[in-house]
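[1] need a 3D model of the following:
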Amino acid sequence: LDDGNVGGKAADVAAFLAALADRLAGIGLVLHKGKCRVHCVDPDSAAIRSHFPDFTSFLPFSKLCVLGCPVGTPVEAAAYLRETFQLVRERVQQVTFCPSHIGFTLLRQCLSFGPAVYYARTVVPSPEVISVFRDFDRFIWAATASLLQLPDSDDSRARLLSQLPVSRGGLGLRPVESVAPLAFLSSAFDAQHKHPSVLRALRLDTIPDPAIASVLSGPCFTDISPASSLKASVSSWASGASALPPSTRPQKYWTRKLDEIRFDAFVSSADRKFRAILSSTSSKYASLWVCPPAHLIGHDTFLPDPEYLALIKHRFGLPIHPHNYPCPMCKAEADAAGRHAQCCLKHGVRTRLHNDVVSSVTTLLRGAGLHCAPRELNVGGDNGKRIEIHCANMLLDGKEMVADVTIVYPLQDSYVGNAEVRPGTPGTVATAAEKRKEDKYAVDCLRLGYAFVPVVFDTYGALGKQAVDILRSLARRFSKRSNTHQSIGIPLAMS
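    Here you go, the predicted structure:
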């Protein structure tokens, strides 16, 4: 048994604990006085201590907590949170000495939003408390910027982008300052079936200003079509005038709305090229490498520092090199962001990159128990159409599968104007490339009795729809071979 609380005059509390100890002894339990804490006006009072001779922890009321949540005044709650977050800061400092990929994974999953969200849900978001959350957010960002070698100013595009979910092209570092008021009201919502009076006491006008109102009236809160604005939605719910959809968790619901607002605002302010980057990085499965989920760790998913740091900067549209430089292959000027390196046609650079990807996909298919022919398959006769991958024992609609790997660069001028930002869907540029490949090969392959599958990646991690389907099929094969459930992330990690 744990986390019991009793209050009253010192003599009454001491008598109650003595009676409780006797009752517990009757069923074989012991009151662990060494873990008990006595909160009182004067922790040094001899009169108080005389009632609890076997207790060792005497604390002021300002440190009183219920289930780990401070219940004092806003100033006392803020002081408690600062002290608690100091322990997190010390752990974060240790993480910054890790390799960048491992360090950021630990920071994001264990030391950023996670340790703070419980307090966001349970502590009244007073201005004093919000100030502590703001300082915590700044510290986490400074540690992230140092770990990933990003510009660390508060108003930098890198910081704004880092606050977006990983699935929307960001780093998933949600700011506790903005989420805290929503989390607190959501916690009240979750408790209403047990304590109906809680919601009636938590109307917006009763919560210390500007904890709720200023956050909800900030510049990032705009109208969400076709629903009302987030502020109006929260205000209407908090006053009891409306309800959320059935089986909806308010914190998740409103946090996602907040993510949508931030993402839409970011997209609308981005230039055409960065909008094309977001089209790729926010597509389905494009960002699994950024911070691998727990079930993927152990599948060689952590990248060496030079590769990981370069990929993060590439994802954020930041310079990888200190300055532009002459391309060693074609002698043209190569940009510091590394974009020229992805599309240089001189001396087979793109061919070598393409062949590396083909080799990875072939190895992956063989690892799933498929036989891949070690040569190209001619499907076009004299017109030179050749397919790179032939899986004789993988049947699609009763036909042997043949696949061709394509890598596309979303920032080419022909793609930039047509890129659509549709989070959670296959990449639009990769899907368009799939269509071109199908038009080129599908009919000839079908004539020869093969089922053609274009496997398309883009240089920002997006996959075409059919590539996603093939990886799902491989995940099922891995599941059967290992007799355990495997997600699509396993073949992605292994490739």
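[2] just checking, what packs against the helix or strand that contains residue 273?
    Per DSSP states H and E, residue 273 falls inside helix 272-281. The helices and strands touching helix 272-281, judged by 3 or more CB pairs under 8 Å, 6 or more residues apart in numbering; DSSP states H and E, are helix 250-269, helix 413-416, helix 428-447. C-betas here are computed from N, CA, C, even on glycine.
[3] so which of those gets nearest residue 121?
    Closest to residue 121 of those is helix 250-269 (CB to CB; 7.3 Å).
[4] so which residue is dead centre in this protein?
    residue 172 (3.7 Å; CA atoms, centre = their mean).
[5] my reading is that that one lies in a helix. Confirm?
    No: Residue 172 sits outside any helix when classified using DSSP: H, G, I helix; E, B strand; the rest coil, being coil.
[6] excluding covalently adjacent residues, which one is nearest to it?
    residue 166 (4.4 Å; CB to CB, 6 or more residues apart in numbering).
[7] OK, contacts around the one you found?
    By CB atoms under 8 Å, 6 or more residues apart in numbering, the residues touching residue 166 are 172, 287, 290-291.
[8] grab the two from those that are most spread out in space.
    Going by CB to CB, the pair spanning these furthest: 172 and 287, at 9.0 Å.
[9] quick check: which ranges of the chain have low pLDDT?
    Scanning the chain for pLDDT under 70 picks out the ranges 1-2, 188-244, 246, 294-300, 345, 347-350, 374-375, 380-384, 417-426, 482-495.
[10] so where do the strands sit in it?
    Using DSSP state E, the strands of the chain run over 37-40, 57-60, 65-66, 69-70, 325-326, 333-334, 377-378, 386-387, 389-396, 399-408, 450-458.
[11] JSON lines for these, including distance to residue 465 and mean neighbour count?
    Converted to JSON lines, the strands of the chain look like this (distance: least, CB to CB, whole Å; neighbours: other CB atoms under 10 Å):
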{"stretch": "strand 37-40", "distance to residue 465": "58", "mean neighbour count": "17"}
{"stretch": "strand 57-60", "distance to residue 465": "59", "mean neighbour count": "14"}
{"stretch": "strand 65-66", "distance to residue 465": "51", "mean neighbour count": "14"}
{"stretch": "strand 69-70", "distance to residue 465": "47", "mean neighbour count": "19"}
{"stretch": "strand 325-326", "distance to residue 465": "37", "mean neighbour count": "11"}
{"stretch": "strand 333-334", "distance to residue 465": "33", "mean neighbour count": "14"}
{"stretch": "strand 377-378", "distance to residue 465": "23", "mean neighbour count": "16"}
{"stretch": "strand 386-387", "distance to residue 465": "19", "mean neighbour count": "18"}
{"stretch": "strand 389-396", "distance to residue 465": "14", "mean neighbour count": "17"}
{"stretch": "strand 399-408", "distance to residue 465": "13", "mean neighbour count": "21"}
{"stretch": "strand 450-458", "distance to residue 465": "9", "mean neighbour count": "24"}
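[12] okay if I get these as CSV plus distance to residue 46?
    Putting the strands of the chain into CSV (distance: least, CB to CB, whole Å) gives the following:
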stretch, distance to residue 46
strand 37-40, 12
strand 57-60, 11
strand 65-66, 25
strand 69-70, 27
strand 325-326, 76
strand 333-334, 77
strand 377-378, 91
strand 386-387, 89
strand 389-396, 81
strand 399-408, 77
strand 450-458, 73
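[13] count of neighbours near the residue lying closest to residue 322 once chain neighbours are set aside?
    Closest residue to residue 322 apart from its sequence neighbours, by CB to CB, 6+ apart: residue 336 at 6.8 Å. Counted with other CB atoms under 10 Å, the neighbours of residue 336 add up to 15.
[14] next up, phi/psi of residue 336, please.
    Phi and psi for residue 336, reported as degrees, to the nearest 10, are phi -70, psi -20.
[15] please identify which of the contacts of residue 166 is nearest to residue 406.
    For the contacts of residue 166, the nearest to residue 406 is residue 287 (20.5 Å; CB to CB).
[16] from residue 259, how far out is the nearest residue in space to that closest one that is not next to it in sequence?
    Setting aside the residues directly before and after it, residue 287 is nearest to residue 166 in space (CB to CB, 6+ apart), at 4.7 Å. Separation of residue 166 from residue 259 (CB to CB, to the nearest Å): 11 Å.
[17] same question, residue 474
    Separation of residue 474 from residue 259 (CB to CB): 30 Å.
[18] quick one, which of these two is more surrounded?
    With neighbours defined as other CB under 10 Å, residue 474 and residue 259 compare such that residue 474 has more, 25 against 19.
[19] returning to that earlier point: so who does the residue nearest to residue 322 touch?
    Residue 336 neighbours (CB under 8 Å, 6+ apart): 319-325.
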